[in-house]
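Asks: Whatever this is, show me its structure:
(chains A and B)
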There are 2 protein chains.
Amino acid sequence: MSKSPIMDRRNLDFLLYEVLGAEQLPTWDAFADHSRDTFNAVVDLAHDLALEQFLPHNRKSDLQEPEFDNGRVRIIPEVKQALDAYIEAGFMSAAAPADLGGMQLPFLIDTAASSAFGAANVATFAYAVLARGVANLLTAHGNEDQQRRYRDPILAGRFYGTMCLSEPQAGSSLAEIRTRAVPQEGGHYLLEGAKMWISGGEHELGENIIHMVLARMPDAPAGVRGISLFAVPKCHVNDDGSLGERNDVVLAGVNHKMGYRGTVNTFLKFGESGQCKGWLVGEPHKGLACMFHMMNEARIGVGLGAIMLGNAGYLHSLEYAKERRQGRLPDQKDPASDPVALIEHADVRRMLLQQKCYVESSFALALYGARLVDEKAHAPEQAAREEAGLLLELLTPIIKAWPSDWCLKANELAIQILGGYGYTREYPVEQHYRDNRLNPIHEGTNGIQAMDLLGRKAMMQQGAALKLLMQRMQSTLTAAAPHAALADHVSAMQRYLQLAGETTGVLGQQLAAGNVRLALANATHYMTLIGHLSMAWMLLEQAAVAAKALPGASGSDRDFYDGKLIACDFFFRHELPVIEHSAALLKSLDDTTLRATAAHF
Amino acid sequence: MSKSPIMDRRNLDFLLYEVLGAEQLPTWDAFADHSRDTFNAVVDLAHDLALEQFLPHNRKSDLQEPEFDNGRVRIIPEVKQALDAYIEAGFMSAAAPADLGGMQLPFLIDTAASSAFGAANVATFAYAVLARGVANLLTAHGNEDQQRRYRDPILAGRFYGTMCLSEPQAGSSLAEIRTRAVPQEGGHYLLEGAKMWISGGEHELGENIIHMVLARMPDAPAGVRGISLFAVPKCHVNDDGSLGERNDVVLAGVNHKMGYRGTVNTFLKFGESGQCKGWLVGEPHKGLACMFHMMNEARIGVGLGAIMLGNAGYLHSLEYAKERRQGRLPDQKDPASDPVALIEHADVRRMLLQQKCYVESSFALALYGARLVDEKAHAPEQAAREEAGLLLELLTPIIKAWPSDWCLKANELAIQILGGYGYTREYPVEQHYRDNRLNPIHEGTNGIQAMDLLGRKAMMQQGAALKLLMQRMQSTLTAAAPHAALADHVSAMQRYLQLAGETTGVLGQQLAAGNVRLALANATHYMTLIGHLSMAWMLLEQAAVAAKALPGASGSDRDFYDGKLIACDFFFRHELPVIEHSAALLKSLDDTTLRATAAHF
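Replies: Numbering: from 1, shown residues only, chains lettered A, B, ... in the order given. All right, here's what the predicted structure looks like:
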């Protein structure tokens, strides 16, 4: 069976080995202990564990969401059981170096494994994702003491962690953070402030929670250049690693969300009694840069989560469309004839193809991004490491924003295929849709990602990252060019690449001239332009691989490769052409949104 | 105050009187007892009642949804209280003739009043909408006895009603209905079967429920030409109007939905004990045509409901964006400066303009459709009545489908503007989004609406309805032409009208040649083409009225009219151009969805 409710393994293997060359990774020093066999074993293990421990309580933790109970949080026991099994299997430290007790897996394979947990139960998996993010942050920026005291127990599966950025008055705007951190004798700080939207802010899934908190020191400059990062444990950790007394971090409330309910989301108060101790991580006033280490990972994680929800809905609605028989084709007039399977209806196929394209393009890009993380850290040549870092910077906002918009759309379509049934809580697709609606919001709204993409990433180093991306796209065109079935797409893509270049040039001129508001006014259209183009690239890359493999393929392999060609056809014909409109609008420097004032609404 | 949480009264008055000429309706015989004053009084009353009785329990009935309790349904008491007040105020029979005890209001004004209830609490309002639909159906197709026995008590607010079409195995495909109706001596029938997705199928909000049930007689031909319509009361009604014994209709279960939770949705079994009596409404085997009388109204009602959810979300997010201060404009570098209101950010304005366009275009079209209902029934000239009927047929699938897609998108954007807060159940926007997700599904999925639009409505009478629509659009272009600010839009619309005509011609040829599958394969794109064009038409019409009024306007009126011009600019520049792509795809007769088979997924 290639497809389970949470994974199309044939597709995953195709992406890993036929598209992304994962089998080459063991030739690098860092991954020399691995092989395709160990990679497969890890993915198998993740898949089985996700099916057995994560999927079964996905609905239950939605219905019985975490409860605020006198300063504590009550969570259904299945969540801890699943996470314990995850830890037991070694996934908490899967990508960590062997000398820290980790599996030292490539991030690419780690991400493939994560995809199973995300598809099965994104809310339970989130606790692990957050903990791993904190561990990585401390590896990058913590001192030895912090690593030993806080990080190592996370990697060992004993502690969890959080990111504490937002405050009630400042969600997207970190410049307005008010939490204070006052230095004390002995090297620690006393923190005081309130943090909002803190996922995993309180629970008893592990022994302790390490909060990574953004705060300002008394002498800090205004704005984001005055923000420092602190490690604030829920319980203090003694020198011998045993737990000390409780720190002054109080759970003030939990937020009740539309979806993603299994992940407790909290309102935390730090230092209500003046006793909240924290330790500076990294340099003073450089906290945001440190945190962005974690944020960038988190953004790829958000994208992957969105893709996996999209994938789970796609797989479910596909199964339903194959089994449910209803209606006749428009030219079948005989009412006595048997009804056909839903998948025979053109409009149902349209909705399946949309889902397939959204999921399989963005999953490829997220895995491509994961491979860039590996290249950046471990590629043998320095030039390759630098290129990977540059490209990753550019792709991060796309990997975060595009899937969280379009795989949400995929979930909307999955419901539509199931019809009335899809709208009930008896089927999983409505939960996917509610869960996925978070993803365009958190870790930087998609509007902010669009401004980041256009205003920073596309422009950085005189457009070097974008040029690099376009070179990579050109390589795909070269690979696709020999295949007659792809000729139209290759020439369309050539034209669109030129258009994207021209459009970026026009906007860059405005930015250079200081017309920042005008240049950024339609940044969301720029995200559509570059995002759609990136997805088209990924689909064309897959189609080129498929076209090459087809002559030697048979049976279900043949269908699989044909499916890749059809998905590519569909996206290029039905979806991609809208970027002509986005490009035209951007090039015209349309100022309608700037002209509309509050009084006009 | 022009705006309340449920209504922008300035906009509603603009649509009714400045755009749709509602003040002319009292010159028609049917509405001679009315005037703009009585119209205003009705809208005022609806607004106050909706605010006082419907809005306050909108969240409560979502959290405490109707419960299945031993064959009965328990509903929070506020629902009955609100509906009783609605009945008391005369709204159940607002559009019914005076001789039936009604207000004999134009449907246009009735719809304007309904918009307040729909925006305040769509789930509670649905009970009234269903009851009114049954009353109208019985007025059109019931015999005198059925009208007296079943309809009159509905109009008097004593009985409620349902539409029983779908069955567990047949949602969209009515040809597969299996419920049987066997004629008995005495003129009644015994029914046996199961009906699924029946809104309001069981409750105790009134004394009785009249189910309008589609079923097959034993000698019925297969398919939809063998379906008859029956009135099946929950409790029998004696000749003197008193209630008799309970009929054999059993509540077998309630469905638990993602949203729209306040409207109980049921699974009903008819004739489990062989004692379910029903009475034929209309002629044998002509039930579907009768039911479509109700369905067409219901489809306009679905569109209006979707618009009102969109409107409620828009008004809420607009208020939030004006009040919440966060962040700085991209060229404001001083972090010590005060944060600006969210509405100052271009991307937030983009999201507000999208919502404004989606809501204000489709609300105009729904009201235009309501006015056509009045014209069809009461216009002084027969030609006008016929034209109205023809145009209404064409517009019905658009009024149902377009707003249920795009005002759902509006709700998605409202959440985005509120950010994390919007994702919580503390704010109404997440409920709007969940509630609205039903609308693309029920009363004929949007895929079915698209096929109806292209395959039937655009083609009927050699395209007469579409020609008529285009003539009306041309009149708007003539009205807009003198205004320099609209010149670009007028010429764009001219071009698009030509494109729509050509596209329809290409598809019509294929249909005429019998290539039905190919012609209908991309019907959803046709809905986008004609739907977007219709919305552009409505926005341009409003802009033309505004442009004409502007020279004499001042103060908030000036801002209001300017807002109409900006909304029109936005839609024509940001949204409408995508139809060039839809038209190109349709004209190319793209067959990608036909080529994709089950094995390719």
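
Asks: Contact partners for the residue lying closest to A:G71 once chain neighbours are set aside?
Replies: Distances taken as CB to CB, 6 or more residues apart in numbering or on different chains place A:L251 nearest to A:G71, at 5.3 Å, with adjacent residues excluded. C-beta: built from backbone N, CA, C; applies to glycine. By CB atoms under 8 Å, 6 or more residues apart in numbering or on different chains, A:L251 lies in contact with A:F68, A:G71, A:R72, A:V73, A:G201, A:E202, A:T266, A:F267, A:L268.

Asks: my read: the fourth one touches A:V254, true?
Replies: Yes. The pair A:V73 and A:V254 passes the contact test of CB atoms under 8 Å, sitting 6.6 Å apart.

Asks: Quick check: neighbours shared by these two?
Replies: Joint contacts of A:V73 and A:V254 (CB under 8 Å, 6+ apart) are A:P66, A:E67, A:V264, A:T266.

Asks: so who does the closest residue to A:S4 other than its chain neighbours touch?
Replies: Once flanking residues are discounted, A:S4 sits nearest to A:L51: 6.4 Å by CB to CB, 6+ apart. Residues counted as contacts of A:L51 (CB under 8 Å, 6+ apart) are A:S4, A:P5, A:I6, A:A116, A:A120.

Asks: got the CA positions of stretch A:315-332 in CSV?
Replies: What follows is stretch A:315-332, C-alpha atoms only, in CSV (Å, rounded to 0.1, in the frame of the first residue of the first chain):
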residue,chain,number,x,y,z
LEU,A,315,-5.6,11.7,1.0
HIS,A,316,-8.9,11.5,2.8
SER,A,317,-10.9,13.2,0.1
LEU,A,318,-9.2,11.1,-2.6
GLU,A,319,-10.2,7.9,-0.9
TYR,A,320,-13.7,9.1,-0.4
ALA,A,321,-14.0,10.2,-4.1
LYS,A,322,-12.9,6.8,-5.2
GLU,A,323,-15.4,4.9,-3.0
ARG,A,324,-18.5,7.0,-2.9
ARG,A,325,-20.7,6.5,-6.0
GLN,A,326,-23.1,9.3,-6.9
GLY,A,327,-24.5,10.9,-9.9
ARG,A,328,-23.9,10.3,-13.6
LEU,A,329,-21.7,12.0,-16.2
PRO,A,330,-23.4,14.9,-18.0
ASP,A,331,-23.9,12.9,-21.2
GLN,A,332,-25.2,9.8,-19.4
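
Asks: Buried residues in it, which are they?
Replies: Buried positions in stretch A:315-332, judged by neighbour count with 16 or more other CB atoms under 10 Å in any protein chain shown: A:L315, A:H316, A:S317, A:L318, A:Y320, A:A321, A:R324, A:Q326, A:G327, A:R328, A:P330.

Asks: go on, stretch A:425-433?
Replies: Neighbour counts using 16+ other CB under 10 Å place A:R425, A:Y427, A:P428, A:V429, A:E430, A:Q431, A:H432, A:Y433 of stretch A:425-433 among the buried residues.

Asks: Also stretch A:287-303?
Replies: Within stretch A:287-303, the residues scored as buried using 16+ other CB under 10 Å are A:287-288, A:290-291, A:293-303.

Asks: Kindly reformat the buried residues of stretch A:425-433 as JSON lines containing distance to A:A98, secondary structure and pLDDT.
Replies: Below are the buried residues of stretch A:425-433 laid out as JSON lines (distance: CB to CB, whole Å; DSSP: H, G, I helix; E, B strand; the rest coil; pLDDT from 0 to 100):
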{"residue": "A:R425", "distance to A:A98": "45", "secondary structure": "coil", "pLDDT": "95"}
{"residue": "A:Y427", "distance to A:A98": "43", "secondary structure": "coil", "pLDDT": "97"}
{"residue": "A:P428", "distance to A:A98": "38", "secondary structure": "coil", "pLDDT": "97"}
{"residue": "A:V429", "distance to A:A98": "41", "secondary structure": "helix", "pLDDT": "98"}
{"residue": "A:E430", "distance to A:A98": "43", "secondary structure": "helix", "pLDDT": "98"}
{"residue": "A:Q431", "distance to A:A98": "38", "secondary structure": "helix", "pLDDT": "98"}
{"residue": "A:H432", "distance to A:A98": "36", "secondary structure": "helix", "pLDDT": "98"}
{"residue": "A:Y433", "distance to A:A98": "41", "secondary structure": "helix", "pLDDT": "98"}
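
Asks: out of those residues, which one sits closest to B:L174?
Replies: Nearest to B:L174 among the buried residues of stretch A:425-433 is A:Y427, at 22.4 Å by CB to CB.

Asks: So that closest one sits against A:G420, correct?
Replies: No. Using CB under 8 Å, A:Y427 is not in contact with A:G420; the gap is 10.0 Å.

Asks: Can you give me the domain assignment for chain A?
Replies: What the record gives for chain A is the domain set A:9-154, A:161-285, A:291-594, from automatic domain parsing.

Asks: Which helix or strand lies directly C-terminal to the host helix or strand of A:Y86?
Replies: When elements are assigned from DSSP states H and E, A:Y86 belongs to helix A:77-88. Per DSSP H and E, the first helix or strand lying C-terminal to helix A:77-88 is helix A:107-120.

Asks: orientation of that following helix relative to helix A:77-88 in degrees?
Replies: 160 degrees (axes from the mean of the first three to the mean of the last three CA atoms, to 10 degrees).

Asks: same for helix A:107-120, what does it pack against?
Replies: Judged by 3 or more CB pairs under 8 Å, 6 or more residues apart in numbering or on different chains; DSSP states H and E, the packing partners of helix A:107-120 are helix A:36-49, helix A:122-141, helix A:287-323, helix A:346-378.

Asks: and A:D334, what pLDDT?
Replies: For A:D334, the pLDDT comes out at 86.

Asks: Same check on the one 3 residues further on?
Replies: With respect to pLDDT, A:S337 scores 88.

Asks: separation between A:G226 and chain B?
Replies: When distance is defined by CB to the nearest CB, to the nearest Å, A:G226 is 8 Å away from chain B.

Asks: Not counting its neighbours along the chain, what's nearest that residue?
Replies: Leaving aside its sequence neighbours, A:G226 sits nearest to A:A220 (CB to CB, 6+ apart; 3.2 Å).

Asks: What about the one you found, how many residues nearby?
Replies: Neighbourhood size, A:A220 [other CB atoms under 10 Å in any protein chain shown]: 18.

Asks: And for A:D48?
Replies: The tally of other residues near A:D48 (other CB under 10 Å) stands at 13.

Asks: just to revisit the earlier point, so which of the contacts of A:L251 wins on neighbours?
Replies: For the contacts of A:L251, the largest number of neighbours (other CB under 10 Å) sits with A:G201, at 27 neighbours.
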